[in-house]
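**Student:** Quick one, structure for this:
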Amino acid sequence: MDRAARSRLAWKCRRGLLELDLVLERFLQRHGSSVGDAELELLWELLDHDDTDLWEIVSGRSERYDPRLASVVARLRAG
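**Tutor:** Sure thing, here's the model as predicted:
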């Protein structure tokens, strides 16, 4: 992922919930450089959820998301 794409992703990961910010920031720090194009597209799609729904998904309270996003959700949950 090039520098511009990484910056756009970091900006999109800034949310209105502190909990989400912490999870997404940690994910980017640990895995940001290893995110491939296919996973990046899935992450962008996941980030299109509103904050409340996204938190429910990431925290494991909801399984109501497209099954294609399961690998990204699992990585976010694992930290």
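
**Student:** For the longest helix that the chain contains, enumerate the helices and strands it packs against.
**Tutor:** The single longest helix within the chain, with elements called by DSSP state H, is helix 18-31. For helix 18-31, the packing partners by 3 or more Cβ pairs under 8 Å, 6 or more residues apart in numbering; DSSP states H and E come out as helix 51-58, helix 70-78. The C-beta positions use only the backbone N, C-alpha and C, and glycine is treated the same way.

**Student:** outside of the shortest one, which residues touch it?
**Tutor:** The set of residues external to helix 51-58 that reach it, using Cβ atoms under 8 Å, 6 or more residues apart in numbering, is 15-17, 19-20, 23, 46-47, 49, 61-65, 73, 76-77.

**Student:** likewise stretch 6-14?
**Tutor:** 1, 21, 24, 25, 27, 28, 32, 35, 40, 43, 44, 47.

**Student:** Check stretch 32-42 too.
**Tutor:** Defining contact as Cβ under 8 Å, 6+ apart, one finds that stretch 32-42 is touched by 1, 5, 6, 9, 10, 43, 68, 69, 71, 72.

**Student:** these two touch, right, the last one and residue 44?
**Tutor:** No - proximity of residue 72 to residue 44 does not meet the contact threshold set by Cβ atoms under 8 Å, at 9.6 Å.

**Student:** List the contacts of residue 49.
**Tutor:** Here residue 49 is in contact with 57, 65 (criterion: Cβ under 8 Å, 6+ apart).

**Student:** for the protein, which residue is closest to the average position?
**Tutor:** By Cα atoms, centre = their mean, the chain has its centre lying nearest to residue 43, at 5.0 Å.

**Student:** Quick one: residues contacting the closest residue to that residue other than its chain neighbours.
**Tutor:** Spatial nearest neighbour of residue 43, chain neighbours left out: residue 72 (5.2 Å); criterion: Cβ to Cβ, 6 or more residues apart in numbering. Neighbouring residues of residue 72 by Cβ under 8 Å, 6+ apart: 39, 42, 43, 46.
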